[in-house]
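Engineer: Have a look at this prediction, sequence included:
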Amino acid sequence: GRAPQQQWSTRISFILAAAGAAVGLGNIWKFPYIAGENGGGAFILVYLACIALLGVPLLMAEVLIGRRGQQNPINSMARLAQEAGANPAWKNVGRLGVLTGFLLLSFYVVVAGWALAYIPVTASGTFTGLEPQAIGQRFDAHLEQPLVLIGWSTLVLLLTLGIVGRGVRKGLERAANLLMPLLFLFLVILVGYATTTGHFGAAVAFMFEPDFSKLTASGILVALGHAFFTLSIGGGAMMIYGSYLPPDVSIARTSMLVAVLDTAAALLAGLAIFPIVFAYGLEPGAGPGLIFVTLPIAFGQMPLGTLFGTLFFVMLSVAALTSAFSLIEPAIAWLTEKQGMSRLKASVLGGSGIWLLSLGTVLSFNLGAEWTLAGKTFFESLDYLTSGWMLPLGALLMALFTAWVMKPEITAYELGGESTGYRIWLLLIRFLAPVVILVIFLQAIGLIGL
Ligand code: PHE
Ligand code: NA
């Protein structure tokens, strides 16, 4: 196992760091706009069911592999395959995780860069009194300036490396202990602000009164896919954070708490955003521009909009940063543990690779807008490849591995004994998770039409 200084010092630190990994752009940027596009209440209900029935068990499986393996995802998988007497090729699941985090981070830093860029833009009162159209054009113009985008995403990457480079306790743990309470505080303040619009009730109704006529089969799949993405399942992030978990901490209880915090963040984000959107007669189904165009339109007209708008983008940046840590940590751990590099060297090397790849995303908004693959830009293709395929595939393989390859004595031991809870977990992970993920894949390749 790892030395104590290579582990979280408390249970709470793990929960905050893992919640930091989970709560990200997915909660604040993506969740509200996909909930908006898919009609609200019914979609959110399905999403909550996906989190509870699939998200939590899969999160437990991934954390379990990490905690048992006590190394980076590749070596952990290799060690556990050996322990189970299984094919050593299972370590490719670890490789897939490291690669997924790497690819995901390359466009995650770009979107996080939008958030960071919008802090000074909002704080300087840019949106005050600006016409809605002008605010939309402003965002388009922002995307069309490669050097500006590169500057902001580079800053995100440098901040990320500055924290991750310091290691588990001085870097990841300290940052999470400071940033996560702040993030939730800001979220609650923003919800409080949203109640002053007088449209809070409409937002609550939109989010929690299910209208099943608005629910489509593709909406269900979007909810499912997002449940993996939002909990950071299948990408090695939770595996590496799990590997820093001391042996006496309950995987079930901490995973559940992480899922609760992640869900709370998404719902609070919705409760902060939708009242504002409704108060100004704006569209909840505006798509990816909901945060960067629709919301600024409202901030530009609201009393104290500059102040709270700035707070919003600070909060979004914090959420994105703590997730970025977890996306590169699998690669850093692998480079240090397996290739014997110092953390500094590993950070510089890993960071450079991600930086180069991020240029592809930056250019896809402008120069490469015509360069598409199956109608998708480079940015959209990367997003689709990672969230649509790699994360679910990683999750499927981790489910199969823990449920069918690892010995039940071992998984039961790691999960605190053969209780009823353990048996339910095993059932969900053995049957429900693989079947549901398979359905996602069959639908994605068009073999079943939903
Ligand atoms: N869960 C993060 C979010 O919601 C994204 C993420 C996915 C982070 C996979 C790490 C690993 O934004
Ligand atoms: Na999330």
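Structural biologist: Sure, I can see it. Ligands and ions are numbered 1, 2, ... in the order given.
Engineer: of all the residues in this protein, which ones are close to ligand 1?
Structural biologist: Contacts of the chain with ligand 1, taken as C-beta under 6 Å from any ligand atom, map to 21-22, 24-27, 104, 229-230, 232, 235, 237, 323, 326-327. The C-beta positions use only the backbone N, C-alpha and C, and glycine is treated the same way.
Engineer: Go back to the residues you listed and keep what's next to ligand 2.
Structural biologist: Contacts with ligand 2 within the residues of the chain next to ligand 1, counted by C-beta under 5 Å from the ion: 22, 26, 27, 230.
Engineer: Is it possible to mark the buried ones in those?
Structural biologist: By neighbour count, with 16 or more other C-beta atoms under 10 Å, these hold 22, 26, 27, 230 as buried.
Engineer: Let's have those in CSV, adding secondary structure.
Structural biologist: Converted to CSV, those look like this (DSSP: H, G, I helix; E, B strand; the rest coil):
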residue, secondary structure
22, helix
26, helix
27, helix
230, helix
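Engineer: Of those, which is the nearest to ligand 1?
Structural biologist: residue 26 (2.3 Å; C-beta to the nearest ligand atom).
Engineer: Show me the strands in the stretch 1-150 of the chain, by range?
Structural biologist: Assigned strands in the stretch 1-150 of the chain: none (criterion: DSSP state E, counting those that start in this stretch).
Engineer: hey, where'd the helices end up in it?
Structural biologist: Secondary structure of the stretch 1-150 of the chain by DSSP state H, counting those that start in this stretch: the helices cover 11-22, 25, 31-37, 41-50, 56-69, 73-83, 91-123, 132-143, 146-164.
Engineer: Contacts only, for residue 442.
Structural biologist: Applying C-beta atoms under 8 Å, 6 or more residues apart in numbering, we find residue 442 in contact with residue 448.
Engineer: what about it, which helix or strand?
Structural biologist: Using DSSP states H and E, residue 442 maps to helix 433-444.
Engineer: what is the rounded mean pLDDT of that helix?
Structural biologist: Here the mean pLDDT over helix 433-444 is 91, rounded to a whole number.
Engineer: which non-adjacent residue is nearest the residue in the chain positioned nearest to ligand 2?
Structural biologist: Nearest residue of the chain to ligand 2 (C-beta to the ion) works out as residue 230 at 3.3 Å. Distances taken as C-beta to C-beta, 6 or more residues apart in numbering put residue 26 closest to residue 230, at 4.3 Å, once the chain neighbours are dropped.
Engineer: Could you report the separation of the one you found from residue 161?
Structural biologist: Using C-beta to C-beta, to the nearest Å, residue 26 is found at 22 Å from residue 161.
Engineer: Could you pick out the residues of the stretch 201-350 of the chain near ligand 2 for me?
Structural biologist: 230, 262.
Engineer: in the stretch 201-350 of the chain, which spans are helices?
Structural biologist: Counting by DSSP H, counting those that start in this stretch, the stretch 201-350 of the chain has helices at residues 217-230, 237-243, 251-279, 294-299, 305-337, 343-364.
Engineer: Please convert those helices to TSV, extending it with mean pLDDT.
Structural biologist: Formatted as TSV, those follow (pLDDT from 0 to 100):
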stretch	mean pLDDT
helix 217-230	92
helix 237-243	98
helix 251-279	97
helix 294-299	94
helix 305-337	98
helix 343-364	96
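Engineer: ok so, going back, show me which of the residues of the chain next to ligand 1 are buried.
Structural biologist: Applying 16+ other C-beta under 10 Å to these flags 21-22, 24-27, 104, 229-230, 232, 235, 237, 323, 326-327 as buried.
Engineer: Leaving aside the residues adjacent along the chain, what's closest to the residue of the stretch 351-450 of the chain found nearest ligand 1?
Structural biologist: In the stretch 351-450 of the chain, the residue that lies nearest ligand 1 is residue 391 (6.3 Å; C-beta to the nearest ligand atom). Nearest residue to residue 391, sequence neighbours excluded (C-beta to C-beta, 6+ apart): residue 234, at 4.0 Å.
Engineer: Show the backbone phi and psi for that neighbour.
Structural biologist: For residue 234, the backbone dihedrals (degrees, to the nearest 10) come out as phi 90, psi 0.
Engineer: Just the pLDDT for it.
Structural biologist: 97.
Engineer: which residues touch it?
Structural biologist: By C-beta under 8 Å, 6+ apart, the neighbours of residue 234 are 58, 62, 97, 100, 228, 390-396, 398.
Engineer: and of these, the nearest to residue 254?
Structural biologist: Within those, the smallest distance to residue 254 is 12.3 Å, found for residue 62 (C-beta to C-beta).
Engineer: ok, the nearest residue to the closest one once chain neighbours are set aside - how many residues close by?
Structural biologist: If the residues on either side of it in the chain are set aside, residue 62 comes closest to residue 238, at 4.4 Å by C-beta to C-beta, 6+ apart. Around residue 238 there are 31 other residues, counting by other C-beta atoms under 10 Å.
Engineer: Then the one 5 residues further on?
Structural biologist: Burial of residue 243, expressed as a neighbour count using other C-beta under 10 Å, amounts to 28.
Engineer: residues contacting it?
Structural biologist: Counted by C-beta under 8 Å, 6+ apart, residue 243 has contacts 2, 66, 67, 69, 70, 71, 72, 76, 333.
Engineer: Look up how far ligand 1 lies from the third one.
Structural biologist: Taken as C-beta to the nearest ligand atom, to the nearest Å, the spacing of residue 67 relative to ligand 1 amounts to 17 Å.
Engineer: Residue 238 is in contact with that residue, correct?
Structural biologist: No - Residue 67 is beyond contact range of residue 238, at 10.3 Å (criterion: C-beta atoms under 8 Å).
Engineer: Can you check what pLDDT the model gives residue 450?
Structural biologist: Confidence score, pLDDT, at residue 450: 61.
Engineer: Now do whatever residue of the stretch 251-400 of the chain ends up closest to ligand 1 against residue 109, distance only.
Structural biologist: Nearest residue of the stretch 251-400 of the chain to ligand 1: residue 323, at 4.3 Å (C-beta to the nearest ligand atom). Per C-beta to C-beta, residue 323 is found 10 Å from residue 109.
Engineer: do the same with residue 161
Structural biologist: Here the criterion is C-beta to C-beta. By it, residue 161 lies 11 Å from residue 109.
Engineer: what sits against residue 259?
Structural biologist: Going by C-beta under 8 Å, 6+ apart, residue 259 touches 22, 51, 52, 55, 56, 59, 231.
Engineer: For ligand 1, see how far away the third one is.
Structural biologist: Going from residue 52 to ligand 1 by C-beta to the nearest ligand atom gives 17 Å.
Engineer: pLDDT score for that residue?
Structural biologist: In this model, residue 52 is scored at 97, pLDDT.
Engineer: Could you tell me which residues make contact with it?
Structural biologist: Residues near residue 52 by C-beta under 8 Å, 6+ apart: residue 259.
Engineer: now swap in the last one and tell me
Structural biologist: Counting by C-beta under 8 Å, 6+ apart, residue 231 makes contact with 22, 51, 55, 58, 59, 238, 258, 259, 262.
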